[in-house]
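S.K.: pasting the sequence and the predicted model now:
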Amino acid sequence: MNSFKIMDEKNNLGFRLRHRKELINHRSKVVDTSFILSLVGIICNVVHYELVFGDVIINDGPASTVLRIITTITTCFLVISIIMYNLIGIRLQLVTTGLDNWKLVINSNIIVKTLLEIIICSIHPIPYGNFTMPMLVLNPDTLIYETHQVPINAILSVLMFLRIYIVGRFLVEHSGLFGDTTVQSLGALSKVNINAKFVFKALMSTMPGTVLTCILVTTLIVNSWGLRVCEYYSFENSTVESPAGSYLSALWLIAVTFLTLGYGDIVPYSVCGRFFAITTGMMGVGIMALCVAVLAKQLEQTRSEKYVHTFVQQIHMDKIRRNAAADVVKQSMLIQRLRKLGYKHASTEVIHHRRKLISAIHEMNKSSDEKYRLHDNVVGIVEIAKGVTEVCGMVEIIKNNQDNVNKRLENLETSSTNIQKQLYEIRNVLQTNIRL
């Protein structure tokens, strides 16, 4: 009996909603923790390499080891928070669907997504040791690919920036659309998934400039630093120095590549650096296309502006049509006058006025067509929807009136039938009385 009572309580809608709210709040705290841990790990890693680049600390020295250990500790806690986030997501699906077994909601997509997140968030420099790996590097002097030994920690430090996706998850989790109960309810009723894609589209509709600027700045900073690390360590033990070995040069190269300019004054020579250049170029093309679309949408006239502009153009077309009609009358009268004065039909004066008459008629017809075209362009989706609504309303009114008329006709038929019956009964009674 107690087990059935517990099951009924869990199937209760109020209990499920309350439990779902608690899980959402818990997930929000886990996302905050993941956000802080990921930023701390990235900042420690960047500070470590900047101090090494500036010869402030020695690579693999005590300070370097401490910073790497801090990065490792934050990475371990980050992986735990990622696992907790995905477990809370499974529990949320159980509460939302009303199921009682996690095997019913879990699938291969959730498993692959969780494992991929764990792998991405696990990437960090190794605390101890200075392991290297061979990498192809193009020699700037001979233009021949050579094999250089590059530290594995440098590659892992660049790959650490893959965990920056947690920043987007943090922004989505704390957005008003994602956390609003009303939006979630409307999405459930309309069968719309209120997820990161929905929030991104909403932000692109409300504040496109801010979103694109943040993406642009993040791309420039992250890719520039990654390119600099790749170029620096690719030529660390070489007599040749890479032109993109400094941060300012790498930033210039990334900016030029992002804008698809490609001056060619600074080029990457390592395979890793060229990968960053290709990625930056592809992102630049995509973001520039989004910028053009946003700009075109912002420059588009509103309904009110379109109505005013079209009204002014129609007045201008009416004015041209009136002037053209006046020219038609004027030239016709001049031609008629010249014919009365004895000028022939093929004379120079008559042909001159006839040309003006044809030109005025053409201008009048052209202005009329332009006015009708402007009138057709004013009719948009909103006006069509409004017209369809009005027609549906009129059809509904006509249908109601027809139903009322049919009911009245039925009442009249019933009344006439009753009158006929009464008259028949009266006739029978009168005949009976007469016989008596």
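M.R.: Ah, there it is.
S.K.: what is the burial count for residue 70?
M.R.: Neighbour count for residue 70, taken as other Cβ atoms under 10 Å: 18. In short, each C-beta sits where N, CA and C put it, glycine included.
S.K.: and for residue 386?
M.R.: Using other Cβ under 10 Å, residue 386 has 12 neighbouring residues.
S.K.: give me every residue that touches it.
M.R.: Taking Cβ atoms under 8 Å, 6 or more residues apart in numbering, we find residue 386 in contact with no residue.
S.K.: again, but for residue 219
M.R.: For residue 219, the contact set (Cβ under 8 Å, 6+ apart) comprises 254, 258, 280, 283, 284, 287.
S.K.: quick one: name whatever helix or strand follows whichever strand or helix holds it.
M.R.: Using DSSP states H and E, residue 219 sits within helix 208-234. Downstream of helix 208-234, the first helix or strand assigned by DSSP H and E is helix 247-258.
S.K.: taking the mean pLDDT, what do you get for that next one?
M.R.: Taken as a whole, helix 247-258 carries a mean pLDDT of 88.
S.K.: touching that helix from outside, list them.
M.R.: Contacts for helix 247-258 (Cβ under 8 Å, 6+ apart): 216, 219-220, 223-225, 227-228, 231, 243-244, 262-263, 266-268, 276-277, 280-281, 283-284, 287.
S.K.: please apply the same query to stretch 42-50.
M.R.: With Cβ under 8 Å, 6+ apart, stretch 42-50 has contacts from 57, 64, 67-68, 70-71, 74, 124-125, 157, 160-161, 163-164, 225, 229.
S.K.: quick one: residue 110 and residue 20, what's the gap?
M.R.: Distance of residue 110 to residue 20, computed by Cβ to Cβ, to the nearest Å: 18 Å.
S.K.: can you give me the strands for this protein?
M.R.: For the chain, the strands defined by DSSP state E cover 132-138, 145-151.
S.K.: so what secondary structure elements neighbour the first one?
M.R.: This means strand 132-138. Contacts defined by 3 or more Cβ pairs under 8 Å, 6 or more residues apart in numbering; DSSP states H and E place strand 132-138 against strand 145-151, helix 152-159, helix 271-299.
S.K.: which other residues reach the shortest one?
M.R.: Residues from elsewhere that reach strand 145-151, judged by Cβ under 8 Å, 6+ apart: 130-139, 233-238, 270, 272.
S.K.: neighbouring strands of it in the sheet, and parallel or not?
M.R.: In the sheet, strand 145-151 lines up against strand 132-138 (antiparallel) (DSSP bridges).
S.K.: now residue 53: closest residue in space, sequence neighbours ignored.
M.R.: Spatially, and ignoring its direct neighbours in sequence, residue 53 is nearest to residue 232 (6.9 Å; Cβ to Cβ, 6 or more residues apart in numbering).
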